[in-house]
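Trainee: any chance you can model this:
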Amino acid sequence: MANWKKWLIGEWNWKRPIKSLVLIYLLLCLFALVFSNMVLFQPPKAKYTTDIDGFDLIARPNGEQVAIYYHPATAGMPTLLWSHGNAEDIGYLQERLGSFRAEGYGILAYDYPGYGRSDGKPNEQGCYEACEAAYLHLTQKINISPEHIIIYGQSVGSGPSVKLASEKPCAGLMLVSPFISAFRTVTRVPLFPGDQFKNIHRIGDVKVPLLVVHGDRDQVIPQWHGKKLCELHPGPKMWAGIDGAGHNDIYILATDEIMQSLARFREKHLPQP
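Mentor: Down below sits the predicted model:
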């Protein structure tokens, strides 16, 4: 029996638990590097067709097409450059966007690679390129001035939004249920290589006013992520904690509260027409 135990589990020594922990860590690192995109990006079946009003296709630098939806603003109102959350596309957004359209906001929403009618496979760099392509289309083709653009990012959309706002001129940045980085929604502290969308490293480069909206019952991206980004932002900012709201029901429970927060944010921090 002793020989079988030795063959199965080896002989005990003080190095064994350390070796086991190192092996487990290396396996988790490998999983993070190889499978992170599969976990992070979950594109749904396209919820819309190409004949949706406001639909268009633009190109990323590599020539792959990015699906966009555009609705013009009423006079004197800003346009939201909208980076949506995971497991949704611009078709899923239509009811939500209706609340903003009703208030006169313009919208340019786009789909990440592999989402909706956009080409390619989803990854961090592709999301950055799609977001910048949408910005360039909005500013150069539709001729919307940067001072009339609010960059909006929800959940995973906070990643491309924070990066864009750190690099391009705009009126302000609005983040809904954002994270400090993708991996740290799971580990809280930085444990593994290959982390994606490191908002915590970029938020300090965002100088425009910031609005952060986050539910206090968010179990996907806990509220401390949003508070941390707000704390680290060096410019004018506004925090809007939503009592009783989680990650996926924040608009179901608090659309009016979110709209009121945005209106106060505009009145306090953005140039008035």
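
Trainee: pretty sure residue 248 contacts residue 219?
Mentor: No - using CB atoms under 8 Å, residue 248 is not in contact with residue 219, being 9.7 Å away. C-betas here are computed from N, CA, C, even on glycine.

Trainee: neighbour-wise, which of those two wins?
Mentor: When residue 248 and residue 219 are compared for neighbours, residue 248 comes out ahead with 17 against 10, by other CB atoms under 10 Å.

Trainee: so that one, which of the three states?
Mentor: coil (DSSP: H, G, I helix; E, B strand; the rest coil).

Trainee: end to end, how far does stretch 79-89 reach?
Mentor: One end of stretch 79-89 sits 19 Å from the other (CA to CA, to the nearest Å).

Trainee: what average pLDDT does it get?
Mentor: For stretch 79-89, mean pLDDT rounds to 96.

Trainee: how far off centre is that stretch?
Mentor: 8 Å (CA atoms, centre = their mean, to the nearest Å).

Trainee: for it, list every residue counted as buried.
Mentor: Neighbour-count burial for stretch 79-89 flags 79-86, 88-89 (criterion: 16 or more other CB atoms under 10 Å).

Trainee: show me which of those residues is closest to residue 269.
Mentor: residue 80 (15.2 Å; CB to CB).

Trainee: can you pull up the bridge partners for that closest one?
Mentor: The partner list for residue 80 in beta bridges (DSSP bridges) reads residue 107, residue 150.

Trainee: list the contacts of it.
Mentor: Under the criterion of CB atoms under 8 Å, 6 or more residues apart in numbering, the contact partners of residue 80 comprise 100, 105-108, 149-152, 174.

Trainee: residue 134 now?
Mentor: Residue 134 sits next to 58, 66, 68, 81, 108, 110 when contact means CB under 8 Å, 6+ apart.

Trainee: repeat that for residue 168.
Mentor: 132, 135, 146.

Trainee: verify the stated contact: the second one with residue 164.
Mentor: So the one you mean is residue 135. Yes - between residue 135 and residue 164 there is a contact under CB under 8 Å: 5.9 Å.

Trainee: overlap in contacts of the two?
Mentor: 81, 151.

Trainee: which residue is nearest the middle of this protein?
Mentor: residue 157 (1.8 Å; CA atoms, centre = their mean).

Trainee: measure that one to residue 61 for me?
Mentor: 20 Å (CB to CB, to the nearest Å).

Trainee: and residue 103, by the same measure?
Mentor: 34 Å.

Trainee: quick one: which of the two has more around it?
Mentor: residue 103 (13 against 8).

Trainee: that one against residue 256, yeah?
Mentor: No - applying CB under 8 Å, one finds residue 103 not in contact with residue 256, separated by 10.9 Å.

Trainee: list the contacts of the closest residue in space to residue 257 that isn't next to it in sequence.
Mentor: Distance criterion CB to CB, 6 or more residues apart in numbering; nearest residue to residue 257, sequence neighbours excluded, is residue 242 at 6.1 Å. Listed by CB under 8 Å, 6+ apart, the contact partners of residue 242 are 213-216, 250, 253-254, 257-258.
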